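**Student:** sharing a model that was predicted from the sequence below.
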Amino acid sequence: MRYGMVISRKRCIGCDACTVACKQQNGTGPGVFWRKVIKQEHGTYPTARYVFTPLLCNQCDEPPCRDVCPVKATTKQANGIVNVDADKCIGCRYCQAACPYGARYFVTSTSLEYFPGKGQTPYEKVVYPKHQAGTVEKCNFCESRLKAGQQPACVQTCPANALTFGDLDDPNSVASRLITERNAEPLRPEAGTKPRVFYFG
Amino acid sequence: MATSVTMQRASNDRPWLIGLGVLVGIGIIAWIVQLAVGFDVLGVGQSVSWGAYIATFFLLAGAGSGLVVLAASGDLNVFPDLKQYRSQLLTGALACYVAAGISVLMDIGKPLRALSMIYSPNFKSMFVWDFYFLGLSVILALVYMFKPVTRNIVLLAGVASTILMIVEGWILTVTVGTALWHNSIIPVVFLIEGLVTALALVVIAKGVTGGAGQVARRGMLLLLPILFVLSFVEMVAVLYGADVEAATAMKVMVAGSVAPWYWLALIVGVAVPFGLLGWAYNGVNAVRVAAVLAILGVFSAKLNLLVAGRAVPFMAPEATYGPSIVEIGGVIGALGFAALLFLLGLRYLPGLKKA
């Protein structure tokens, strides 16, 4: 089994509910976005339109972040998830430069506040210490939720059903069928990293 | 007689030692602030993740390697005039290597964990090769300095130092996510920049009147135009090449937010020193100014490359970078540390006291 995600750009309404759900689930600090929605304007008046592209770690099969990590803190697991061991990471940020998707974030501090000058909220006081300042982190498809038999928080939250998560090794999974039927493609395939996040629409 | 010379030297360089000690103190304070408050006190961000510290690391490691190569070229009779300065060149190299190590430690989030590269190294990572070649270069420079000089050790030290300069370039060229750095010219540029920095340090120390100074002057006059040409070749090739992302980053490099560093490197760091060394070499101060400008140019070029490469993140607005006060303090401390180590080496290392 190797997990992957298929994203419908047509369905995505750019509401950032996934972004918020991710931050809530993983308790990431200010400036750290394990996933985000890129909003780009395409075309010209009168046919101009917004295109929304949810962006997250692509859990590549050939992850360049793993290859450049000097201390083997990044590993590719059997379930397809690229994992960062925060206890091993030295915080050199080489992986940030290697990632073609800008999906990796450096935790500058765990004492930041979303409302500067007002102190950390009770929620922040609980979640931020779970992260390690001086290390790099990223999306892991909400691995703890997967172990509990749940979908990643972003997938469960998306109000437009734009995100489909599943086993890409199973040709009959909804995600695999979407890739085939909708000709879904990864971002930047030319980078040769074999991403496991696909887009269509 | 020897004792009086040593005592005179000791009293002469005391103000320098005190001044450099102050710079090192500034660096230590900056590092403590950074460790206590977090990386938010630095100018680097999520996209431009490497800045002044890594530029300083590249500068100092290149300088150290260049100095070892110069020492080796003296002992191999390529430039016999440099042979008598072997110990000084190697002391300078070791000082640069140690300060380079400190610079990179200041840049990483968990400095103590850097030891993991010894017991859990990933040899696919150029960072690890850099770490090992830096260590090897230090060891070989020490052996070269303190053991009887043999042709083998000279060659080994020279080759290891040369490879170190190239590996530092490879750190950038192998990064898939940064299009501007996919450029095979970078290791060559790093090699030449390392030699230019080392030659500039010789000019600062010796002027251009003696044999060694003349070698350094001629070396710089040869290498500075090559740097200029390589920069021009790289700019045109990338700007008009097929890689759109690299071309976009190159536009930022030469005409965007970080362009001042680029033109500073090219004009103030290459063209002006070339002119001063070519036509004003009778003035001791002019050639020393030229050497300082060349080093400043190398630093600017490295910083410009680091920042421009990361200034155009994937599907995101252009990122900016400016070194913070804390970062500047750290850089000053690292450079001061290199100079302090060099002076202390001249003062206390056996065989150098009377140099």
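**Tutor:** Looks like it came in fine.
**Student:** what about the most centrally placed residue in chain B, distance to residue B:301?
**Tutor:** The centroid of chain B falls nearest to residue B:59 when counting by C-alpha atoms, centre = their mean (1.6 Å). Remark: distance between residue B:59 and residue B:301 (C-beta to C-beta, to the nearest Å) = 10 Å. C-betas here are computed from N, CA, C, even on glycine.
**Student:** give me the common contacts of the two.
**Tutor:** Counting by C-beta atoms under 8 Å, 6 or more residues apart in numbering or on different chains, residue B:59 and residue B:301 have no shared contacts at all.
**Student:** what helix or strand is the residue in chain A positioned nearest to chain B on?
**Tutor:** Taking C-beta to the nearest C-beta as the measure, chain A has residue A:91 as its residue closest to chain B, at 2.1 Å. For residue A:91, there is no host helix or strand (DSSP states H and E).
**Student:** and the residue nearest to it when sequence neighbours are not counted, what does it touch?
**Tutor:** Leaving aside its sequence neighbours, residue A:91 sits nearest to residue B:109 (C-beta to C-beta, 6 or more residues apart in numbering or on different chains; 2.1 Å). Neighbour list for residue B:109: A:89, A:90, A:91, A:92, A:93, A:106, A:107, A:133, A:134, A:135, A:136, B:39 [criterion: C-beta under 8 Å, 6+ apart].
**Student:** cool, residue B:149 as well?
**Tutor:** Residue B:149 neighbours (C-beta under 8 Å, 6+ apart): B:75, B:86.
**Student:** apply 7 Å and report the result again.
**Tutor:** By C-beta atoms under 7 Å, 6 or more residues apart in numbering or on different chains, the contact set of residue B:149 is residue B:75.
**Student:** where does it land in three-state SS?
**Tutor:** coil (DSSP: H, G, I helix; E, B strand; the rest coil).
**Student:** before we move on, back to that, any idea which helix or strand carries the residue nearest to the centre of chain B?
**Tutor:** With DSSP H and E as the test, residue B:59 turns up in helix B:52-75.
**Student:** the residue nearest to residue A:76 when sequence neighbours are not counted and residue B:123, how far apart?
**Tutor:** Leaving aside its sequence neighbours, residue A:76 sits nearest to residue A:82 (C-beta to C-beta, 6+ apart; 5.4 Å). When C-beta to C-beta is the yardstick, residue A:82 and residue B:123 sit 19 Å from each other.
**Student:** flag every residue of chain A that's near chain B.
**Tutor:** Chain A comes close to chain B at residues A:31, A:38, A:53, A:55, A:64, A:67-72, A:88-94, A:96-102, A:105-106, A:108-109, A:133-135, A:191, A:193, as judged by C-beta under 7 Å from any C-beta of the partner chain.
**Student:** CA atoms of the helix or strand encompassing residue B:155 as CSV?
**Tutor:** Using DSSP H and E, the element containing residue B:155 is helix B:151-173. Output in CSV follows, covering the C-alpha atoms of helix B:151-173 (Å, rounded to 0.1, in the frame of the first residue of the first chain):
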residue,chain,number,x,y,z
ARG,B,151,55.8,15.6,-2.2
ASN,B,152,53.0,13.2,-1.4
ILE,B,153,51.6,15.2,1.5
VAL,B,154,51.8,18.4,-0.6
LEU,B,155,49.9,16.8,-3.4
LEU,B,156,47.3,15.3,-1.1
ALA,B,157,46.7,18.5,0.7
GLY,B,158,46.4,20.5,-2.5
VAL,B,159,44.1,18.0,-4.2
ALA,B,160,41.8,17.7,-1.1
SER,B,161,41.5,21.4,-0.9
THR,B,162,40.7,21.7,-4.6
ILE,B,163,38.0,19.1,-4.3
LEU,B,164,36.6,20.9,-1.3
MET,B,165,36.1,24.0,-3.4
ILE,B,166,34.4,22.0,-6.1
VAL,B,167,32.2,20.0,-3.6
GLU,B,168,30.9,23.3,-2.2
GLY,B,169,29.7,24.2,-5.7
TRP,B,170,28.1,20.8,-6.1
ILE,B,171,26.1,21.5,-2.9
LEU,B,172,24.2,24.0,-5.0
THR,B,173,24.2,22.3,-8.4
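**Student:** what's the average pLDDT for whichever strand or helix holds residue B:139?
**Tutor:** Residue B:139 is located in helix B:126-146, with elements delineated by DSSP H and E. On average, the pLDDT along helix B:126-146 is 96.
**Student:** looks to me like residue A:37 is in a strand.
**Tutor:** Yes - assessed with three-state DSSP, residue A:37 lies in a strand.
**Student:** pull the number of nearby residues for it.
**Tutor:** Neighbours of residue A:37 under the rule other C-beta atoms under 10 Å in any protein chain shown: 20.
**Student:** do residue B:153 as well
**Tutor:** 18.
**Student:** quick check, pLDDT for it.
**Tutor:** Per-residue pLDDT puts residue B:153 at 95.
**Student:** repeat for residue B:229
**Tutor:** For residue B:229, pLDDT reads 94.
**Student:** so it: helix, strand or coil?
**Tutor:** Residue B:229 - assigned by three-state DSSP - is helix.
**Student:** what do you get for residue B:14?
**Tutor:** Applying three-state DSSP: residue B:14 is helix.
**Student:** give the buried residues for stretch A:103-112.
**Tutor:** Using 16 or more other C-beta atoms under 10 Å in any protein chain shown as the test for burial, stretch A:103-112 gives A:103, A:104, A:105, A:106, A:107, A:108, A:109, A:110, A:112.
**Student:** and the helices in the stretch 251-355 of chain B?
**Tutor:** Per DSSP state H, counting those that start in this stretch, the stretch 251-355 of chain B carries helices over the ranges B:259-263, B:272-279, B:284-310, B:325-348.
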